[in-house]
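Student: any chance you can model this:
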Amino acid sequence: MSARRPPETSTALPAEALGLLQVRAVHLAEVPGLVEVARAIGTDRGVDYLSDREVAAMLHRHRWLLGRMNSRGAWGGLLLTPGAVGAWFLIDTTDWGTLDPVVGLILCSPVVLLLAAGVYLLSRAFWFRHVWVRGGTRAQVNGYLQILSTSGLALHQLPAWLKPPTGKSWR
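Tutor: Model prediction:
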């Protein structure tokens, strides 16, 4: 799987993706009236929530994008913070007029590298979030959570990567 592109909903579904399903379609179909609700929400969101393979692909894509967003954001913040502190320290304490250019280059290089790496990783985190929101994965997962809630499954029973931080839906 490519590190740059989110997993598609094609036929190449990893074996572990089916393990991400919280409830199988067979069990959802047993709840009275839920099939109509699932079809209505699925039509609106572009997902057949009664197809295990399609829901597993959507959950796999959601988990993949969340992992990329969180890891890039965390590493970007961890690198940007010491870079910003180093830049502030260098700007505040260094007399640039009397400093040898080679020494200035040696002092600034680590700070510039930290800042550049931090900004790059944060921009990648925001790009993955953009793909998650604009690609419809967020709306599809919110529809799935709506269906699970309608089926009677309590949202506190969900794994952390699927549980929305707001309690009802992903923002």
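Student: can you name the farthest residue from the center of the chain?
Tutor: Most distant from the centre of the chain: Thr98, at 47.5 Å, with distances by Cα atoms, centre = their mean.
Student: so it, which of the three states?
Tutor: coil (DSSP: H, G, I helix; E, B strand; the rest coil).
Student: now do the one 4 residues further on
Tutor: Using three-state DSSP, the structure places Val102 in helix.
Student: show me what contacts it?
Tutor: For Val102, the contact set (Cβ atoms under 8 Å, 6 or more residues apart in numbering) is empty. C-betas here are computed from N, CA, C, even on glycine.
Student: and it, what's its pLDDT?
Tutor: The model reports Val102 with a pLDDT of 92.
Student: OK, contacts around the residue nearest the centre of the chain?
Tutor: The centroid of the chain falls nearest to Leu66 when counting by Cα atoms, centre = their mean (2.0 Å). By Cβ under 8 Å, 6+ apart, Leu66 lies in contact with 132, 161.
Student: next SSE downstream of the lowest-mean-pLDDT helix or strand in the chain?
Tutor: Using mean pLDDT, DSSP states H and E, helix 25-30 stands out as the lowest-scoring helix or strand of the chain, at a mean of 87. Counting by DSSP states H and E, the next helix or strand C-terminal to helix 25-30 is helix 34-45.
Student: how about residues contacting that following helix?
Tutor: 28-29, 48-50, 136, 139-140, 143, 146-147, 150-151.
Student: what is the helix or strand where Ser149 lies packed up against?
Tutor: Here Ser149, judged by DSSP H and E, is contained in helix 137-151. Contact partners of helix 137-151 among helices and strands, from 3 or more Cβ pairs under 8 Å, 6 or more residues apart in numbering; DSSP states H and E: helix 25-30, helix 34-45, helix 52-93.
Student: sounds good, over and out.
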